[in-house]
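A.B. asks: Please work out how this folds:
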Amino acid sequence: MNEEIMVERLFQTLVTGDRTAAREIVAETHESGLAAEELTHRIYWPALEMINQLFRADQLEVLAHHYATRLLRTLVDQAQARYEQQDSRQKKILMFCGQGETEDLAGQLTADLLEADGYQIYFSGGGIANDEILAEVGRHRPDVLLMFASSPGDAPNIRLLIDQIRGVGACPDMQLVVGGGVFNRAEGLAEEIGADLWAKDPRELLERLDGENDRRATPEQRTVGRNRRTRTTKAA
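C.D. replies: I've put the predicted structure just below:
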């Protein structure tokens, strides 16, 4: 199976809203023996990235974007039901994403894969105020706070949220993780705002969460609040 051709074929059915043709393509992947998780990683995620990139570049009309995201969400839901559930990792992830339709779908897709990989997931989507997130951190005391598929407008609030969490010492063992969305488009942003870990897509996220769960941002990396602290010191 040529994955690039399959992604392109699926993309064409998504943007035209051709539900029957989309299902026929998915059926082909099942017949080829592709596992549901791999279908999501290798076909659905690249198709979603293509939709997002073209829409952001004003190369995709609103109608096509709506067709594509709604149809792809249906396919992602169906794939999730076929995932093989792994043993519990005994780890809890509190997860948020951007407010846009594609960001929300990317967040859902990622949350589904994380849950199947054995994590306990609390996924709220986007548009949640920082004080509510802080309250949820205190209530759930998660192992990971994940901001994945964030929009450009979310970056300042994520920067502030990390600053607040570091400042008050909330859940000091919690890993702060970001990825996808604006963090893929702005090189170095994740490191600059003091994230402990970052990943460009769901596959890399799963691998890094598993292999680097002890990784934490260094004091030199954390630029959040550095200027403010310098000004305060000088004023004193």
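A.B. asks: residue closest to the middle of the protein?
C.D. replies: Centroid check for the chain by CA atoms, centre = their mean gives residue 148 as the closest residue, at 2.9 Å.
A.B. asks: what ranges do the strands span in the chain?
C.D. replies: For the chain, applying DSSP state E gives strands covering 92-96, 120-123, 144-148, 175-179, 197-199.
A.B. asks: got the CA coordinates for the first one in CSV?
C.D. replies: To tie it back to what came earlier, the one meant is strand 92-96. What follows is strand 92-96, C-alpha atoms only, in CSV (Å, rounded to 0.1, in the frame of the first residue of the first chain):
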residue,chain,number,x,y,z
LYS,A,92,-3.0,10.1,34.5
ILE,A,93,-2.9,12.8,31.7
LEU,A,94,-4.9,16.0,31.9
MET,A,95,-5.1,17.2,28.3
PHE,A,96,-6.2,20.4,26.5
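A.B. asks: Highest mean neighbour count out of the strands of the chain?
C.D. replies: By mean neighbour count, with neighbours taken as mean count of other CB atoms under 10 Å, strand 144-148 ranks first of the strands of the chain at a mean of 27. (Each C-beta comes from the backbone N, C-alpha and C, glycine too.)
A.B. asks: Packing partners of that one?
C.D. replies: strand 92-96, helix 101-116, helix 155-168, strand 175-179 (3 or more CB pairs under 8 Å, 6 or more residues apart in numbering; DSSP states H and E).
A.B. asks: Was I right to think the residue nearest to the centre of the chain contacts residue 181?
C.D. replies: Yes - with contact defined as CB atoms under 8 Å, residue 148 reaches residue 181; the gap is 7.2 Å.
A.B. asks: who touches both of the two?
C.D. replies: 97, 106 (CB atoms under 8 Å, 6 or more residues apart in numbering).
A.B. asks: And the residue nearest to the centre of the chain, what's its pLDDT?
C.D. replies: pLDDT, residue 148: 96.
A.B. asks: next one: residue 229
C.D. replies: 41.
A.B. asks: Right, I'll leave it there.
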